[in-house]
Structures are given as structure tokens and as C-alpha cells.
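# With the input below, show me the fold.
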Amino acid sequence: MKEFLKKKNVIFSVKRYGIDALGAMAMGLFASLLIGTIIGTLGERLGIEVLSTIGTYAKSATGPAMAISIGYALQSPPLVLFSLATVGIAANELGGAGGPLAVLLITIIAAELGKIVSKETKIDIIVTPAVTICVGVLLSLGCAPVIGKAASAVGTAIMWATELQPFLMGILVSVIVGIALTLPISSAAICAALSLTGLAGGAAVAGCCAQMVGFAVMSYRENKVGGLVAQGIGTSMLQMGNIVKNPKIWLPPIIASAITGPIATCIFKLHMDGPAIASGMGTCGLVGQIGVYTGWVNSVAEGAKASIGAMDWIGLILISFVLPAIITWAISLLFRKQGWIKQNDLKLDL
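Predicted coordinates:
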């Protein structure tokens, strides 16, 4: 059996399912829901109807985009990969608010079973898509609503706790999501799977920004402008190799996130009312900031918010850029003086 599964490229591992598949799902979300929201918002604000239409179509492809991305990460053969579009539609729709998590779990099972039967019969063109689609849709009908409700309940509990205890939860959410962003897993997919928005989403944005901007600024002496851009609007995950060599370099951004998180929740009341995936993106392509702005626009349109004020912008800029840069830089100076961070500990091969 082990040899057969190996031949079929079915590998049961945390890396493949918890890192590769989860990260790919985030890319699928980005290429559909997130970019669709951004384009649609631009269309609404600029009065360009065609952009709004494009955004609507992009958002409607969320389910299949996630499923196909996951299938690609699992190295599914073509017939399995293309069949996963149907699975994604079913799992995302039936999963409700927790659709992304339902898509992740159900697509993994459907894809792996599809790979097992792939090219095992002379009528592969019928058997492989039939097995992939039937397994995926049947699992969606039976399990997606339960998975979705469970994910939604966890996300709702986190958001409720953040509203109830904004200081403590501001620290916890900011630190945990920020750490997830730098680890080789997807903080964006985690936030999307839990539908993490509202005040908790704002704390998540703070934590992600602390990691990205923090590493970009404190490693400037080693990596210059290239490193500033690569980490500041790219990803702090680039530092994972250096973190393994010297874990102490991770402390300044983590401490910064523990400080900016409660500032975001208690002082500026920073809400992420845009797409949940944006909560876990930080300053990557400025997606976190665009998500917050999208939420403002939607709240104003719905009458929940009177207008976008100066304090909104001040809070967003301070939490996203200014405070993470200053706090992390100051702490890193102390660490360098103590010898905990040495020259080139933060050096990237750019």
C-alpha cells in the first residue's frame, strides 16, 4: 500500500496539507475574492461600472479558485485538477461563512482519492473526474455545513472575546497571527477560514504589519532598500532561515506586535470590515490596508459609519507603518548592544 500511494504521489504530511495546501488556498483566495473586492471597490468609488462587474465575476470564482489552487499544490494530474472546480463551488457555498476551511479539507480528500484512481482504468476520462467530483460534492453535502459552522463559531468566539477584552485579546490575536505570517504557513488562509474580521481582524492586521515592517526596518543595515521592499510589502517569511539560526531576532517584531495589537483595539478601534483574508496579509501589497479601507467604504454605504475621518487614517498609518518601524527598530538596537543580534544575523540573499 505504501508503494502504491507513493506511486500515486499521495503523501500524508503536515507540510503538504498544513503548509503547501494552506498556502495555495490563500493564493486562490487572493486571485478571486480579494482582488475582486479591490477591483469592485475601485469601480464603485470611481464610478466605473465595468470594474464593478469584473469584481463581481472575480468574487464569484472564489470556491473553484481555492480548490484548483489546493489541487495544484497537491500535484494533482490534469483531470483531477480540473474536476476540483466543481468541488470548490459546492464546498464553499455549503460551508457558508466557514467556506474556505470546508474547501480546504474536502478538496484535499477529493484530490487524493482522484489521484488514487487516476489512470487506473481504460476509461480514465470518465472515472477520474466522476470519482473526484462525486466524492467532493457528497462530502460537501454531508460535511461542509458542519465544518463551516465550526469554523465560523471559532472565529465568532475570537471576535466576541476581542470585543469583550480588547486589551488582552488584542495582544493574543496580534502576536499569534503575526507569528503565523512569518512561519511557512498562511496567516491569510487562517483568517479567511475563521472569517476573522471586526476588531479581532484589526488586531490581526497590526500583528502582521509588526512582523513585515519590523523585519524590514531592523534589517535595513544588512539588506538596504531591496530588503526593505522585499519584506515590507513582500513577506517576512524570508527571515525564517535566519530565525532558525538565531531565534532571538524574532523577538523585536513579536514584542512590537504585542504593543501595537492592543493599541489598535483599545485606542484606535481598528476594524477589518473588508474580506477576512485581508486580516492576515499585513502590508503585503498593502492588502491589509486596502481591506480596512474597503470596510470603511462599505460601512459608510450601509450607514453604519458616518464618514471616514482623520483619526481613521492616523490610526491605520500608525498601526501599519510608523509604530512597528519605531518599536522594532528601538528594541533591535538594544538587542544588538547586548550581542543578541549580531552583524549579518538578518542578512538575506537577495
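# Surely residue 216 and residue 228 touch.
Yes: using C-beta atoms under 8 Å, residue 216 makes contact with residue 228 at a distance of 4.8 Å. C-beta here means a position set from N, CA and C on the backbone, and glycine is covered the same way.
# of the two, who's got more company?
Neighbour count, other C-beta atoms under 10 Å: between residue 216 and residue 228, residue 216 has more, with 26 against 17.
# In the protein, what helix or strand scores lowest on average pLDDT?
helix 35-46 (a mean of 85; mean pLDDT, DSSP states H and E).
# packing partners for that one?
helix 49-60, helix 287-302 (3 or more C-beta pairs under 8 Å, 6 or more residues apart in numbering; DSSP states H and E).
# The residue nearest to residue 252 when sequence neighbours are not counted: neighbour count?
Computed as C-beta to C-beta, 6 or more residues apart in numbering, the closest residue to residue 252 that is not its neighbour in sequence is residue 331, at 4.0 Å. For residue 331, the count of nearby residues is 20 (other C-beta under 10 Å).
# And residue 149, by the same measure?
Using other C-beta under 10 Å, residue 149 has 16 other residues around it.
# Give me the secondary structure label for it.
In three-state terms, and counting by DSSP: H, G, I helix; E, B strand; the rest coil, residue 149 is helix.
# Kindly report the same for residue 122.
Following three-state DSSP, residue 122 is assigned to coil.
# Ramachandran coordinates for it?
phi -80, psi -10 (degrees, to the nearest 10).
# Pull up the gap between it and residue 134, please.
Distance, residue 122 to residue 134, by C-beta to C-beta, to the nearest Å: 19 Å.
# Settle it for me: which of these two has more neighbours?
Under the criterion of other C-beta under 10 Å, the comparison of residue 122 against residue 134 puts residue 134 first, with 15 against 8.
# measure that one to residue 75 for me?
Look at residue 134 and residue 75: by C-beta to C-beta, they are 22 Å apart.
# Also residue 140?
Distance of residue 140 to residue 75, given as C-beta to C-beta: 23 Å.
# Neighbour count: the two, which is higher?
Legend: neighbour count by other C-beta under 10 Å for residue 140 and residue 75, higher for residue 140 (29 against 15).
# The more buried one sits in which helix or strand?
Using DSSP states H and E, residue 140 sits within helix 124-164.
# show me what contacts residue 114?
Going by C-beta atoms under 8 Å, 6 or more residues apart in numbering, residue 114 touches 76-77, 79-80, 83-84, 128-129, 131-132, 135.
# who wins for neighbours among those residues?
Among these, the one with the most neighbours (other C-beta under 10 Å) is residue 84, at 32 neighbours.
# pretty sure that one is in a helix, no?
Yes: applying three-state DSSP, one finds residue 84 inside a helix.
# quick one: contacts for it?
Applying C-beta under 8 Å, 6+ apart to residue 84 gives the contacts 64, 67-68, 70-71, 76, 107, 110-111, 114, 132, 136.
# Thanks again, I'm all set now.
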